[in-house]
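Engineer: Build me a structure from this.
(chains A and B)
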Amino acid sequence: MKFACFTLMPYRPLDMVERNKHRSAWVLLPNSLYDPKKGADEYDSYINQLVYAEKLGFDIIAVNEHHQTAYGMMPAPNLIASALIQRTTTCKVAVLGRALPLVNNPMTIAEEFAMLDTLSRGRLIAGFVRGIGTEYHAMGINPAFSHERYLEAHDMIVQAWTRPGPFEFEGEHYNNRYVNLWPRPYQTPHPPIWVPSQGSSETIAWAAAPERKYPFLVTFAAQDLVVRYLNMYRDQAKKFGYEAGGEQLGWAAPIYVAETEERARAEAKAGAESLFNDYLYNPWEMLLPPGYMSISSMKATVKMRKALGSRPRTHTIDSLIDSGTVIAGTPKTVREKIEKVRDQTGVDNLVAMLQFGVMSDELALRNMELFATEVMPHLR
Amino acid sequence: MSQLTTAHVGDVAARQLSAGSGEKLVFLHGASGLPQWNSFFAALAQRYEVLVPEHPGFGATAAPRSMRNIADMAMYYLDYLESFGQERVHLVGHSLGGWIAAEAACRNLSNVKSLTLMAPAGIRIKGMPIGDNFIWSVEETVRNLVVDQKLADAMLSREPTEEEADLLIANRYMATRLGWEPRWLNLALESWLHRIKTPTHIIWGDSDRLFPAAYGERWRALITGSKLTIVERCGHLPHVEHPDATAHDIVSFLQSSALNGAAK
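Structural biologist: Residues are numbered from 1 along each chain as shown, chains lettered A, B, ... in the order given. Below you'll find the predicted structure:
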């Protein structure tokens, strides 16, 4: 198994009393609640954590992109990746990922990833995502064309990386008379492309197609869904006539390790509950703008939501651990929980979020150390 | 009561409500889709043959993939209007429908006898932001669209059936295609509105929280000779909140000597 250390870089000094006067920690949360000096401290903390992860033996350190939110302070993750490249030597650096539909010229993404790949001498993993629904409010991009733009931007970037230039790209959303990348990527034919997703069947089928075989990374889901989505990918691969390897499967989850079960639960509580209830929560209209998912998926989601009822912002550390959304416990428990999913799916990439929500540096670092020494070696 | 029929335009088979007889009056609906047939439509149908087509992509009317923006919608309605041959119609549009009507009228007026725009989308007054019906919750939307909160309560108390819920999702998806970015705006429209030379009546609620009433004044200034009617104690839905008065305003304008003297 390969291990990534991942952080969202949440803005922890957030005044939660003020935050709770607003409908979400995204887009409409006034940025007067952000303090630039504290923000600079946060960057230091998180970058130091990721750099330390290389020393602890993680294979990959990972960042991602979100806009206008206290949930994550990385609207431009490539800037952080560039800083990480300068301070590390061997680990892979993963951007999981850039949100392709949000740009009006995907060539900038092709260029920046090629630069990072070159700066790191081939240590880049390039994630391609659509961003979550709120991103379409934040960036003013029409969610009705999100899928189309994603697919087209992907084609443009991969062609820019692999076709001899100059050539012309003729698309519906994107058109460029000259595509001729300087520099080209360091890796041949191009950096690995990963597809983090919340598990839409369309995305899984697209990633698994034989001409792509992109690793699919299931993010933040209850354990039964993690197993279902990863196996959906395997089944898709079989339909395409091949067997998906474990290296094509990834799982991203908040993980917390401590000496006892009680301590793990107690120490993970504030981080996990704030992550899901305060930072991540969004009302329906912000999370799922029309077009973000296909109309048939949307109709099904509405019906499911109606049947289940919605109880927003009521996650507890116990409910999150019980559902397997958060993995927490002694090293033995955490190992067993990961092994169970690995046995059921063959997943070979674990993206561990070891700092989450308001969790302090102190707890995050101890968590990282325990995970690296007591969990990782047993699963390799 | 109205009849539900089908209007065939190119590859599109659009649901259409119709009633009454006389000169044709075509009502282009807003972003919330094919309207409830209320006393507003009944009053118009006493004098006109009222046709209310469902826009492609809304409700149960499928849209071809090529129907992507407001210009496509305007061209589609020029095809629709041409299907009446030489007959010229009274074109009435509300909100999104008003925007479509204005876009179509800028392009070709040969089938349009008069234009009635009720709180149309499509232009911007800098520094006067419009409401964001894409980020409002369902309840906020309903409460912001009407002034009378008892009416809002009544609208909110009715749960849509499963079938209605599906149609509402389709409405929202197509409205997003047309209006998300730039929000309810075609920057180029303003500079072509001078092409509208047909008698034009602009109607606006004085307390419209989606598109403020100041937009009505701007529309009046942009369309030469147009008339502006401000409806008092009224939000974004004059035909829902004040159905009889609004129908009366529309009919009075269409019956006025100005219009009937101005046969072009």
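
Engineer: For the chain, which residues score under the pLDDT cut-off?
Structural biologist: Picked chain A for this. A:308-310 (pLDDT under 70).

Engineer: that's the wrong chain, I meant chain B
Structural biologist: B:257-258, B:261-264.

Engineer: same thing but at 50, please
Structural biologist: Within chain B, the ranges that satisfy pLDDT under 50 run B:263-264.

Engineer: can you map out the strands along the chain?
Structural biologist: Went with chain A since none was named. A:2-6, A:60-63, A:92-99, A:124-129, A:167-170, A:175-179, A:193-197, A:216-219, A:249-257, A:327-329, A:349-353 (DSSP state E).

Engineer: The intended chain is chain B.
Structural biologist: B:3-9, B:12-19, B:24-28, B:49-53, B:89-94, B:112-118, B:200-205, B:227-231.

Engineer: Can you tell me the strand partners of the longest one and which way each runs?
Structural biologist: Here strand B:12-19 has these sheet partners by DSSP bridges: strand B:3-9 (antiparallel), strand B:49-53 (antiparallel).

Engineer: and for it, what are the contacting residues?
Structural biologist: By C-beta atoms under 8 Å, 6 or more residues apart in numbering or on different chains, the residues outside strand B:12-19 that reach it are B:1-8, B:34, B:37, B:41-42, B:45, B:49-56, B:59-64, B:76. The C-beta positions use only the backbone N, C-alpha and C, and glycine is treated the same way.

Engineer: can you tell me which of the strands of chain B comes nearest to A:Ala144?
Structural biologist: For the strands of chain B, proximity to A:Ala144 was assessed by C-beta to C-beta; strand B:12-19 is nearest, at 18.2 Å.

Engineer: For burial, what's the neighbour tally of A:Gly357?
Structural biologist: Counted with other C-beta atoms under 10 Å in any protein chain shown, the neighbours of A:Gly357 add up to 23.

Engineer: Pretty sure it sits against A:Glu273.
Structural biologist: Yes. Counting by C-beta atoms under 8 Å, A:Gly357 does reach A:Glu273; the two are 7.0 Å apart.

Engineer: on that earlier part again, so can I have CSV of the strands of chain A showing mean neighbour count?
Structural biologist: Listed next are those as CSV, based on neighbours: other C-beta atoms under 10 Å in any protein chain shown:
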stretch, mean neighbour count
strand A:2-6, 23
strand A:60-63, 27
strand A:92-99, 26
strand A:124-129, 26
strand A:167-170, 13
strand A:175-179, 13
strand A:193-197, 23
strand A:216-219, 26
strand A:249-257, 26
strand A:327-329, 25
strand A:349-353, 26
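
Engineer: interface residues of the stretch 1-150 of chain B facing chain A?
Structural biologist: Residues of the stretch 1-150 of chain B lying near chain A by C-beta under 8 Å from any C-beta of the partner chain: B:Phe134, B:Ile135, B:Trp136, B:Ser137.

Engineer: Using PyMOL, define a selection of the buried residues within those residues.
Structural biologist: To isolate the buried ones among these in PyMOL, judged by 16 or more other C-beta atoms under 10 Å in any protein chain shown, type:
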select buried, chain B and resi 134+135+136
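
Engineer: Enumerate the residues of the stretch 51-200 of chain A near chain B.
Structural biologist: So the stretch 51-200 of chain A meets chain B at A:Tyr136, A:His137, A:Gly140, A:Ile141, A:Asn142, A:Pro143, A:Ala144, A:Phe145 (C-beta under 8 Å from any C-beta).

Engineer: could you flag which of the residues you listed are buried?
Structural biologist: Members of those classed as buried by 16+ other C-beta under 10 Å are A:Tyr136, A:His137, A:Ile141, A:Asn142, A:Pro143, A:Ala144, A:Phe145.

Engineer: Would you agree A:Phe6 is in contact with A:Val63?
Structural biologist: Yes. Between A:Phe6 and A:Val63 there is a contact at 7.4 Å, judged by C-beta under 8 Å.

Engineer: shared neighbours, these two?
Structural biologist: With C-beta under 8 Å, 6+ apart as the test, A:Phe6 and A:Val63 both reach A:Ala94, A:Leu96.

Engineer: Return the residues in contact with the residue of the stretch 201-350 of chain A found nearest chain B.
Structural biologist: For the stretch 201-350 of chain A and chain B, the shortest gap (C-beta to the nearest C-beta) falls at A:Pro290, measuring 4.0 Å. Taking C-beta under 8 Å, 6+ apart as the criterion, A:Pro290 is in contact with A:Pro143, A:Ala144, A:Met298, B:Phe134, B:Ile169, B:Arg172, B:Tyr173, B:Ala175, B:Thr176.

Engineer: Distance of the first one relative to A:Ala25?
Structural biologist: Using C-beta to C-beta, to the nearest Å, A:Pro143 is found at 20 Å from A:Ala25.
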